[in-house]
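1. Provided below are the primary sequence and the corresponding predicted coordinates.
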Amino acid sequence: MTPAEALAALRAAEARDGAIPVEERCDHLARLADTLLARSEDIAAAVDADYGGRSRMDTLLADVVCTADAAHYSRRHLRRWARPRRVSVPFPFWPASAHEVPTPKGVVGIMSPWNYPVQLALWPAVDAIAAGNRVALKPSERTPRTASLLAEIAETALGPGIARTVLGGPDVAAEFAAQPWDHLVFTGGTETGRKVAEAAARNLVPVTLELGGKCPAVVLPGAELGRAARDILAGKAVNAGQTCVAPDTVLLVGHTPDAFRAACVAAGIGAPEGGLATDSAAERLDRLTAGLPAHALTPPGEGRRRALFLVEAPPDSGLSREEIFGPVLALTPVPDLAAAIAWIAARPPPLAIYLFGATRAEAAAVAAGTRSGAVVSGRAVEYVAFPSLGFGGVGASGTGRYHGLRGFEEFSNLRASIRHGEWSLSRLFDPPRGKFAQRLISRLAKIR
């Protein structure tokens, strides 16, 4: 099925069946969650085969459980979210009433990446379906077994009148981005995100872009170094560091790289359970770290399974400029908090800034002096699994928010609905305007 055929089929279903009632949306979300859980081992096996070795636990937690929890969460709250929202009316227009009515946008296209191939396809779909939309999925061609399984899951849980899946490579992805969807979601790299946004703009399609960035972890003098090291490494080890919100660079304030390395060794975090997804990802990581002083925290793996490395990153190195997206942590000592803030502010805003040992005043200073999708104290990565918390970036790390209520609103048209009374003070200004109206307007405009 081509992207154009998928869009045409969903438009036809929309014309034939009309808007999806709230109760039917709830049923779709329940079936999607149940189907995901029933196929959890199939999903883990497919992702493992696509990667050539990926942690079963990472897949079950991040791709299956998180997505099923999101569907259950939205289902529980959907009836409340979908109610019309009354808004105030200025006194001169009384007794008019005004509401914002959440209405579906229509058909939402979703382009998802390979690193969390189920979660990043289906969590946006959960939010879009909760808002009453139909969805077309374009999974990554880098995980072909998982993409085919996604098509089966969507057909089983949602049916062809609600969801369609388009399979194919870069040419199909480019065609998908160019369709006149009612909303388009893209998760992936910043450069590709720019191309997707440009293609969508030609059809005036609104976009939600979830990109990435060099998410810094700032370790302040008040941090207990052993705990900070363990919390940072725990976030980095998930999916072998191939996570858009993974800690990328550790900014050490008042701590030496040697002390942090020792704390990391003492933390005893095991080797990443999975490997890099592709040979090109492994080659890119080798290029970024070539010639730099590195310290392996875990034994080397076989093939694309890599050790977890700490690498000191000079300011002019590629490791300092490019998102790492693998099991490597860059270490950068900075003299004080102001220097750490300047380091972050000098780069494109990341999805997340992680703080360790920060007082409330220090956290407030970081928030005031930087831009990011989130500021997180005390842990890394886990906040993405909060179904009630809007997730997204800013600037180069993305635009728009989804998850929970924010996702429902992202994929809704909050249509204004107004009902006027038979008379109001505002009608004094209807033409023809007499002297009284002219004097009143002058008084309101503070004209003497």
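-> Alright, I've got the coordinates. Numbers count the residues shown, from 1 in each chain.

2. Run a quick neighbour tally on the residue nearest to residue 300 when sequence neighbours are not counted.
-> Sequence neighbours aside, residue 307 is the residue nearest to residue 300 in space, at 4.8 Å (criterion: CB to CB, 6 or more residues apart in numbering). In short, each C-beta sits where N, CA and C put it, glycine included. A total of 16 residues lie near residue 307 under the criterion other CB atoms under 10 Å.

3. Please apply the same query to residue 315.
-> 9.

4. that's a strand at it, yeah?
-> No - with DSSP: H, G, I helix; E, B strand; the rest coil as the criterion, residue 315 is assigned coil and is not in a strand.

5. How about the contacts made by the closest residue to it other than its chain neighbours?
-> Once flanking residues are discounted, residue 315 sits nearest to residue 332: 8.0 Å by CB to CB, 6+ apart. Counting by CB atoms under 8 Å, 6 or more residues apart in numbering, residue 332 touches 249, 250, 251, 252, 312, 313, 315, 320, 343.

6. Pull out the buried residues from the residues you listed.
-> For these, a neighbour count by 16 or more other CB atoms under 10 Å gives the buried set as 249, 250, 251, 252, 312, 313, 320, 343.

7. Spit out the contact partners of the last one.
-> Okay, so that is residue 343. Taking CB under 8 Å, 6+ apart as the contact definition, residue 343 lies against 216, 251, 332, 334.

8. Now, those that are in strands?
-> Counting by DSSP state E, the contacts of residue 343 place 216, 251, 332, 334 in strands.

9. tally of neighbours for the first one?
-> A count of neighbours around residue 216, defined by other CB under 10 Å, yields 25.

10. Am I right that it is in contact with residue 245?
-> No - the pair residue 216 / residue 245 is not scored as a contact, 11.6 Å apart, by CB atoms under 8 Å.

11. Contacts for stretch 275-291, please.
-> Applying CB under 8 Å, 6+ apart, the contact partners of stretch 275-291 are 50-54, 114-115, 142-143, 240, 242, 301, 303-306, 309, 311, 317-319, 322, 324-326, 328.

12. Quantify the burial of residue 27 by counting its neighbouring residues.
-> 15.

13. So it, which state does it fall into?
-> At residue 27 the chain is in helix, as set by three-state DSSP.

14. Against residue 447, how distant is it?
-> 60 Å (CB to CB, to the nearest Å).

15. and if you look at residue 358?
-> For residue 358, the distance to residue 447 - CB to CB - is 53 Å.

16. quick one: which of those two has more around it?
-> For residue 358 and residue 447, the more surrounded residue by other CB under 10 Å is residue 358, and the numbers stand at 23 against 8.

17. from what I can see the more buried one touches residue 377, true?
-> Yes - look at residue 358 against residue 377 with CB under 8 Å: they come within range, at 5.6 Å.

18. Name the nearest residue to residue 177, ignoring sequence neighbours.
-> With sequence-adjacent residues excluded and distances taken as CB to CB, 6+ apart, residue 177 is closest to residue 199, at 4.0 Å.

19. Buried residues in stretch 380-390, which are they?
-> Neighbour counts over stretch 380-390 (16+ other CB under 10 Å) mark 380, 381, 384, 385, 387, 390 as buried.

20. Serialize those to JSON lines and add fields for distance to residue 421, pLDDT and secondary structure.
-> Shown next, in JSON lines, are the buried residues of stretch 380-390 (distance: CB to CB, whole Å; pLDDT from 0 to 100; DSSP: H, G, I helix; E, B strand; the rest coil):
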{"residue": "380", "distance to residue 421": "55", "pLDDT": "96", "secondary structure": "coil"}
{"residue": "381", "distance to residue 421": "53", "pLDDT": "96", "secondary structure": "coil"}
{"residue": "384", "distance to residue 421": "47", "pLDDT": "97", "secondary structure": "helix"}
{"residue": "385", "distance to residue 421": "48", "pLDDT": "96", "secondary structure": "helix"}
{"residue": "387", "distance to residue 421": "41", "pLDDT": "96", "secondary structure": "coil"}
{"residue": "390", "distance to residue 421": "37", "pLDDT": "97", "secondary structure": "coil"}
